[in-house]
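Undergrad: Just the structure for this:
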Amino acid sequence: MKFLEYTPLEKLKSFLDSADVGDYMVEGVLEAYSCKAAGVDKKLSRSLDQEVGVSSVSPTSSGALSVSPTGPLTESGSRKTLIHLILTLNHIYPDYDFTLLRAHNFSKESGIEAVKTNVDTLLIEASKLWQEEHGTEQKTLSDTLWTVMEEVISVYDCDIYSYNPEYESDPFGEEGHIWAFNYFFYNKKMKRVLYFSCKARSKLVQDKSYEDVDEDRVFGEMDL
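TA: Residues are numbered from 1 along each chain as shown. I've put the predicted structure just below:
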């Protein structure tokens, strides 16, 4: 997987990285990757393909195959799609290891319109902040976001997947999240993945974590 740099995406990514909307912070990720594997990714892709391929012909795997969101895992193309999703997560969250994820950890979305509605609804407060910073004469956050994403990945030609978090062992398991979404826009023809995720983190939990750090520092100084 190769990170693809797009200036319009960087502007949106910078805004969504840490948007203060009042009671909570919006923390977003918006990154595009080429699906061409090289180096470590190539070795990992082969390893994952073998593991998934072996499990797909297991006598006990037929039920899982029928509900695989990427398609029948007996087919090479379906396994490649699953591997692209796993490798994308590994690149975006390098402090975590997603290599043990399998098809049941992902879901396929019904279509772009439902995804757009969910994203626009959850980002309504961030949209107000965007207008404050950019002025009412500029495009809304929603218009800007979907226009740029269409330029980068052709969203209407994508299969869209989401990751079902393993809350105890991934970046979505942190305390204080009010809501979260994550989507993989996979354009098979372009051989490209655009990952878009946002989390709303409560300031109350954030403030409490700072208080806990201060208390630890005080008690540490008393011990000295």
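
Undergrad: now do the same end-to-end measure for stretch 181-196.
TA: One end of stretch 181-196 sits 8 Å from the other (Cα to Cα, to the nearest Å).

Undergrad: May I see the buried residues of that stretch?
TA: Neighbour-count burial for stretch 181-196 flags 181-187, 190, 192-196 (criterion: 16 or more other Cβ atoms under 10 Å). The way it works is simple: take the backbone N, C-alpha and C, and place the C-beta from them, glycine included.

Undergrad: Please apply the same query to stretch 39-53.
TA: Buried positions in stretch 39-53, judged by neighbour count with 16+ other Cβ under 10 Å: 41, 44-45, 48, 52.

Undergrad: so of the residues you listed, which ones are in helices?
TA: 41, 44-45, 48, 52 (DSSP state H).

Undergrad: nearest to Ala126, of the residues you listed?
TA: Asp41 (32.3 Å; Cβ to Cβ).

Undergrad: I'd guessed the closest one sits against Thr88; true?
TA: No: contact criterion Cβ atoms under 8 Å: Asp41 and Thr88 do not qualify, at 10.3 Å.

Undergrad: which residues are common contacts for the two?
TA: Listed as contacting both Asp41 and Thr88 by Cβ atoms under 8 Å, 6 or more residues apart in numbering are Met1.

Undergrad: which stretches of the chain form helices?
TA: All helices of the chain, identified by DSSP H, fall at 7-17, 40-56, 62-66, 76-92, 112-122, 124-134, 141-153, 203-223.

Undergrad: What is the least confident helix or strand in this protein?
TA: Ranking every helix and strand in the chain by mean pLDDT, DSSP states H and E puts helix 62-66 at the bottom, with a mean of 49.

Undergrad: Which positions in stretch 137-154 come out as buried?
TA: Buried residues in stretch 137-154, counted by 16+ other Cβ under 10 Å: 141-142, 144-146, 148-149, 152-153.

Undergrad: for those, which one is nearest Met1?
TA: Nearest to Met1 out of those is Ile153 (Cβ to Cβ; 14.4 Å).
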